[in-house]
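*Asks:* The sequence isn't on hand, but the structure is:
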């Protein structure tokens with residue numbers, strides 16, 4: 001099965017759960033696939049602060065499909081990863097800005113991302129992520145399928 005067919009298959013399967021897959025880059029035998037929750041991402045992109053931030057990186061249209069297309073273009077055009085991807089990964093805007101302003105240095109702590117703002121809140125969030133990961137890993141090892149593990153939101 002071709003990659004695009006697999007993505008189409010999973011998008012059909014996961015649609016009821018509100019989850020989508022989007023091909024960001026395909027090179028040789030490697031692919032970068034973005035998995036996201038459509039409603040949550042659309043809401044985040046519509047935040048005035050986020051929209052203003054993304055506009056400074058050439059995201060003139062922050063509607064979901066246009067923003068994802070722009071992100072794909074930025075990933076394809078740059079040798080380095082575009083740091084605004086943190087917005088799409090739901091990192092706090094202040095931490096994305098801090099990472100860019102500090103070139104990845106001078107952070108307060110590191111977990112799933114480098115923290116520049118609310119260290120206490122991020123440490124709690126990282127602990128929640130670890131607990132969730134451990135639960136899902138255990139369920140996966142017990143034979144649960146991707147569809148069984150994907151919750152609707």
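*Replies:* Good, I have the coordinates. Small disclaimer: the values here were computed from a predicted structure and weren't measured. Numbering: from 1, shown residues only.
*Asks:* which stretches of the protein form helices?
*Replies:* With DSSP state H as the criterion, the chain has helices at 3-14, 38-45, 48-55, 64-77, 85-88, 93-101, 119-141, 146-149.
*Asks:* Can you say which of the ones you listed is nearest to residue 25?
*Replies:* Of all those, it is helix 64-77 that lies closest to residue 25, at 5.3 Å by CB to CB. No exception for glycine: its C-beta is placed from N, CA and C like everyone else's.
*Asks:* before we move on, back to that, deepest in the core, which of the helices of the chain is it.
*Replies:* Greatest average neighbour count among those goes to helix 85-88 (a mean of 20), per mean count of other CB atoms under 10 Å.
*Asks:* quick revisit: as CSV, the helices of the chain with mean pLDDT would be great.
*Replies:* Output for the helices of the chain, formatted as CSV (pLDDT from 0 to 100):
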stretch, mean pLDDT
helix 3-14, 96
helix 38-45, 97
helix 48-55, 98
helix 64-77, 95
helix 85-88, 98
helix 93-101, 98
helix 119-141, 97
helix 146-149, 95
